[in-house]
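Novice: Build me a model from this:
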Amino acid sequence: MAKKLRTYAPAEPEQPQRAAADRAVRGKIPPPAPPERRASEPQGAMALQRSLGNAAMRRIARTLRSPYGGMAEKLAMEASRAGKFELLEAFGKLSSGQKIAALKAMKKTAGNPFAHAADAVDWEAVLDCIQFVRDVPIKEDEAIKEGEIPFSGTEPPNRKVNANGLLTPYREIALWLGYKANRQGREDVARAFDALSVPQKKLAVHRMAKGKLRKPDPASFGEALTVRVHERDWIDWDAVIKAMREAKESGIDRLDPQQQELVLEMLEAEPEEREERDFSLAALLAGLAALSGESGGDRSFPEEGQLEDLGRFLAAGNREAVVDLYLGVPPGASPEQAKKEREKRLKERGFKTVEQCYLHAVEELAGRLYELAVVQNREAYVRFLERFGFRIERGKQPDAKQIAGKFK
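Specialist: This next block holds a predicted model:
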């Protein structure tokens, strides 16, 4: 019986797409997408990204008060159409107050996203508005109620002040002040603030707060400087300018860094000390002059010949005697004459009370003792500190703050 032979259908020609897929599987390489799918992918990804961006912005918009919620949705729509998803992400990271401030600034730009289609918006200017407020501590109520001056030109200035060298909280306060200067038409004040040195800027911040703050913080600082005019919040720019002038004329730049910090610490008095301290410019300048050697030799307090009497007065807790020694009241005067001379010299130096003068004298004394005993190792001053329990040994030296605390 003849054997039947098997027959096979002719093999179909290998399709390039299928061959590529097989090779990809064998080599564990993802197969390429079909041409029709590859062509639609960019549009599909963009549509998905736009959908996600709009949903996120709608959630953000619901947290903002009217009309700013609607403005945020409009921004999302136009930015999505233009593919500006990074811009939307940056906007989403702002606080509520920063978002409102940025939206108000965008409305005034040449490429207002709330009045134009996406292709007519100046997206660079919009991004500038976001970046300008990014580091500014601003609350939602503040952003809504703040006073603004219409600016000339097509774009807001959005100029940040120079905060280099300033740490928290001074950096945030400086940026806040620059923001307000731009919004309220006082770029001249921002430029003047930039021209101050770092110590002058820190001192100016304290002066602007008018002695109302222990430690400056952006929120309390803003409240101390804000005045309400016609239901809008404005900055007391006269107070700002005056404070900057006082800081510039104070002479703080002539002090070494440690003395500068002592001056700032004087302004950061503890609450129980606040009643005894005077935050007037006269007292501050008196302290600066004393530290910089411009007030008749106070820079040398205490002189070596005064150490014995000073030590006795401090040990006995006789603050009035310490003040008399500090002010140079003649030691042989009668009690009545000494009182008259003391009051005269207190007034001349800007001190209101003996206690206030004593606290200042101790600050100055601490800086002097640190310099001569710890840094220069002058024997008489080393012995003076050792008398009060300090040890001047390597690794155990006291700093000026510790010395001052001993005598307060």
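Novice: Identify each buried residue in the helix or strand hosting D238, please.
Specialist: Taking DSSP states H and E as the criterion, D238 maps to helix 237-249. For helix 237-249, burial by neighbour count (16 or more other C-beta atoms under 10 Å) applies to 237, 239-244, 246-248. From N, CA and C alone the C-beta is placed, and that goes for glycine too.
Novice: now, which of those sits nearest D256?
Specialist: A247 (17.5 Å; C-beta to C-beta).
Novice: quick check, nearest of the buried residues of helix 237-249 to E341?
Specialist: E246 (29.1 Å).
Novice: right, and the closest one touches R207 too?
Specialist: Yes - with contact defined as C-beta atoms under 8 Å, E246 reaches R207; the gap is 5.3 Å.
Novice: Redo the buried residues of helix 237-249 as TSV? Include distance to R349 and pLDDT.
Specialist: Listed next are the buried residues of helix 237-249 as TSV, based on distance: C-beta to C-beta, whole Å; pLDDT from 0 to 100:
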residue	distance to R349	pLDDT
W237	31	92
A239	25	90
V240	27	93
I241	26	93
K242	22	90
A243	22	90
M244	24	92
E246	17	85
A247	20	87
K248	22	86
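Novice: Out of those, name the two that are farthest from one another.
Specialist: Comparing every pair within the buried residues of helix 237-249 by C-beta to C-beta identifies W237 and K248 as the most remote, at 16.3 Å.
Novice: which one of the buried residues of helix 237-249 is nearest N318?
Specialist: Of the buried residues of helix 237-249, the one sitting nearest to N318 (C-beta to C-beta) turns out to be E246, at 34.1 Å.
Novice: Could you report the separation of the closest one from V205?
Specialist: Counting by C-beta to C-beta, to the nearest Å, the gap from E246 to V205 is 12 Å.
Novice: Kindly report the same for A380.
Specialist: 39 Å.
Novice: try E187
Specialist: The value you get for E187 to V205, if C-beta to C-beta is used, is 19 Å.
Novice: wait, is A321 part of a helix?
Specialist: Yes - assessed by DSSP: H, G, I helix; E, B strand; the rest coil, A321 belongs to a helix.
Novice: ok so, going back, go through the buried residues of helix 237-249 and name the one nearest Y326.
Specialist: E246 (24.2 Å).
Novice: now V161, nearest residue through space, not along the chain?
Specialist: Spatial nearest neighbour of V161, chain neighbours left out: G178 (3.3 Å); criterion: C-beta to C-beta, 6 or more residues apart in numbering.
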